[in-house]
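K.L.:
predicted model follows, preceded by the sequence.
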Number of protein chains: 2
Amino acid sequence: MKDYFNKIDNFIKSLDKETLDLLDNISTIREFKKNDYLLKHGSICQNSFLIKQGTVRKYHLFNGKEITTQLLFENEIAVAFNSYTLQVPSNEIIQALSNTIVLQTNYTLFQKAKKNNPKLLQLDLMITEYYTLWLENRFIEFQTLNATQRYLHLLQKHHKVIKTVPLTIIASYLGISLETLSRIRANI
Amino acid sequence: MKDYFNKIDNFIKSLDKETLDLLDNISTIREFKKNDYLLKHGSICQNSFLIKQGTVRKYHLFNGKEITTQLLFENEIAVAFNSYTLQVPSNEIIQALSNTIVLQTNYTLFQKAKKNNPKLLQLDLMITEYYTLWLENRFIEFQTLNATQRYLHLLQKHHKVIKTVPLTIIASYLGISLETLSRIRANI
DNA sequence: CGTGCACTTGATTGAAGTCAAGCGCTGTGG
DNA sequence: CCACAGCGCTTGACTTCAATCAAGTGCACG
């Protein structure tokens, strides 16, 4: 996983100037304030967001409750995968958890760029594979670990998270109630 | 989802002869008997398996219990994604649930073929995206539906399944115990 | 004909959810 | 400058869904 992240990084660094320029042309820097939405419910996800600075979450609503599906940090890419891939209205919402700077890349322009440049196709594939590896892992965690183990695992991976992200959001990311998370923390 | 499957299908049909020949050269038909392993625990997944006939499952072991991660039918592609993508030993096991005929495509040869043929890169991306869409859906089901709802949903999607696949496997696919599944079925 | 597999049914347990109350900040308006 | 509203979190009591343990049934087939 970590290795694969580096592989992508190296791949990007190895890209020729022409390809990098192409990418540059279809990307723009944008800033979001804490609690701003990068993508609202019902909109089509027409951009991917490479986070340069800040923290972001993806979530959806179910029975009036927020279910956090992903927490994202610097150098990670936030995208509502279903909406982005199928270009349909999104159930997922993307929100800044802090003031955030992103590099935004437009879907349609990226699709066009990929047509003429196999390197970008390959990049897209690698990024998608990386997300899928992450998602498989997360799913397996849910199938095999209990609430406490999932919390400890999150702590271990992203202990910085806990300091900035409200417990309500962490609980919903772990698929447990706020009260349960509170009790888990009380028992160290 | 369904639409995207058709999109891939159409894309394959639209491929030029050269590309199709290339694919043909790196693929072979293989047959497996019921209960045979297409991929064993600890092996590297060096092939993808397009199922031409039969039923297949993917599962892994946790605390001595089998956890079924995917059930696959005709025209679907079975692959241990983590092992295949990273070319590392697999935790997932792929097993035939009936006598099965597959079109097997070698990882390394496919990687080489993709280098010279962007169409194949694009195909790989589409197939990966399709798997990811499926996986996201499955994960959301686990987060939002209870055991009964998940069973009903499976019935609705694959009612044929229920007739051939043992309940033990269905239960582990639904993330519940055999007993619970039995009780759910008793309550219609 | 009996051994084992697939499934059912019953009794009990346990992990986490829900409902409810309360605490301690922070910040805002009177 | 205090007062109180609201948010973020904790704690307690109770409930619920599904797991586990334990028998038992019925069928297949060697």
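P.N.:
That came through, no problem.

K.L.:
for the rest of this, base every contact and every neighbour count on C-alpha atoms.
P.N.:
Noted.

K.L.:
contacts only, for the residue nearest in space to the middle of chain A.
P.N.:
The centre of chain A sits closest to A:A78, judged by C-alpha atoms, centre = their mean, with a distance of 3.5 Å. With contact set as C-alpha atoms under 8 Å, 6 or more residues apart in numbering or on different chains, A:A78 has these partners: A:S48, A:F49, A:L50, A:I51, A:V56, A:K58, A:L72, A:I94.

K.L.:
I figured the last one hits A:S43, correct?
P.N.:
Spelled out, it's A:I94. No: using C-alpha atoms under 8 Å, A:I94 is not in contact with A:S43, being 10.7 Å away.

K.L.:
compare those two (neighbour count), which wins?
P.N.:
Taking other C-alpha atoms under 10 Å in any protein chain shown, A:I94 and A:S43 do not tie; A:I94 has more neighbours (28 against 15).

K.L.:
so for the longest helix that chain A contains, what's the average pLDDT?
P.N.:
Longest helix in chain A, counting residues (DSSP state H): helix A:118-144. For helix A:118-144, mean pLDDT is 97.

K.L.:
from A:V102, how far out is the nearest residue to A:F5 once chain neighbours are set aside?
P.N.:
Spatial nearest neighbour of A:F5, chain neighbours left out: A:Y130 (7.2 Å); criterion: C-alpha to C-alpha, 6 or more residues apart in numbering or on different chains. Distance of A:Y130 to A:V102, given as C-alpha to C-alpha, to the nearest Å: 19 Å.

K.L.:
residues of chain A that sit close to chain B?
P.N.:
A:4, A:62, A:81-82, A:85-86, A:118, A:121-122, A:124-125, A:128-129, A:132-133, A:135-136, A:139, A:143-144, A:175 (C-alpha under 8 Å from any C-alpha of the partner chain).

K.L.:
apply 7 Å and report the result again.
P.N.:
A:N82, A:P118, A:L121, A:Q122, A:L125, A:T132, A:L133, A:F139 (C-alpha under 7 Å from any C-alpha of the partner chain).

K.L.:
neighbours of the fifth one, just the number please.
P.N.:
By other C-alpha under 10 Å, the residues close to A:L125 number 20.

K.L.:
try the second one
P.N.:
By the criterion of other C-alpha under 10 Å, A:P118 has 20 neighbours.

K.L.:
how near is it to A:N25?
P.N.:
Taken as C-alpha to C-alpha, the span from A:P118 to A:N25 is 17 Å.

K.L.:
just the fourth one next, same as before
P.N.:
When C-alpha to C-alpha is applied, the distance between A:Q122 and A:N25 equals 18 Å.

K.L.:
report the buried residues of the lowest-mean-pLDDT helix or strand in chain A.
P.N.:
Scoring the helices and strands of chain A by mean pLDDT, DSSP states H and E places helix A:159-164 at the bottom, with a mean of 82. Of the residues in helix A:159-164, A:V161 count as buried by neighbour count, 16 or more other C-alpha atoms under 10 Å in any protein chain shown.

K.L.:
grab the CA positions of that helix and hand them over as PDB.
P.N.:
Only the C-alpha atoms of helix A:159-164 are listed here, as PDB (Å, rounded to 0.1, in the frame of the first residue of the first chain):
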ATOM      1  CA  HIS A 159      -2.700   9.500  15.500                       C
ATOM      2  CA  LYS A 160      -2.600  13.200  14.400                       C
ATOM      3  CA  VAL A 161      -6.200  12.800  13.300                       C
ATOM      4  CA  ILE A 162      -7.600  12.400  16.700                       C
ATOM      5  CA  LYS A 163      -6.300  15.700  17.800                       C
ATOM      6  CA  THR A 164      -8.200  17.700  15.200                       C
END
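
K.L.:
where do the helices sit along chain A?
P.N.:
Going by DSSP H, chain A shows helices at A:2-13, A:17-25, A:81-86, A:107-116, A:118-144, A:147-157, A:159-164, A:167-174, A:178-186.

K.L.:
what's the closest of those to B:T108?
P.N.:
Closest to B:T108 of the helices of chain A is helix A:118-144 (C-alpha to C-alpha; 15.6 Å).

K.L.:
other SSEs contacting the closest one?
P.N.:
When contacts are defined as 3 or more C-alpha pairs under 7 Å, 6 or more residues apart in numbering or on different chains; DSSP states H and E, helix A:118-144 sits against helix B:118-144.

K.L.:
give the buried residues for the helix it packs on.
P.N.:
Neighbour count says helix B:118-144 has B:118-133, B:135-136, B:138-139, B:141-143 buried, by 16+ other C-alpha under 10 Å.

K.L.:
same thing with stretch A:64-80?
P.N.:
Those would be A:66-73, A:75-80, for stretch A:64-80 by 16+ other C-alpha under 10 Å.

K.L.:
cool, stretch A:32-42 as well?
P.N.:
By neighbour count with 16+ other C-alpha under 10 Å, stretch A:32-42 contains the buried residues A:F32, A:D36, A:Y37, A:L38, A:L39, A:K40, A:H41.

K.L.:
chain neighbours aside, what residue packs nearest to the first one?
P.N.:
Of all residues not flanking A:F32 in the chain, A:T100 sits nearest, at 5.1 Å (C-alpha to C-alpha, 6+ apart).

K.L.:
near DNA strand D, which residues of chain A show up?
P.N.:
Residues of chain A that fall close to DNA strand D, judged by C-alpha under 7 Å from any atom of the strand: A:V165, A:P166, A:L167, A:T168, A:L178, A:E179, A:T180, A:L181, A:S182, A:R183, A:R185, A:A186.
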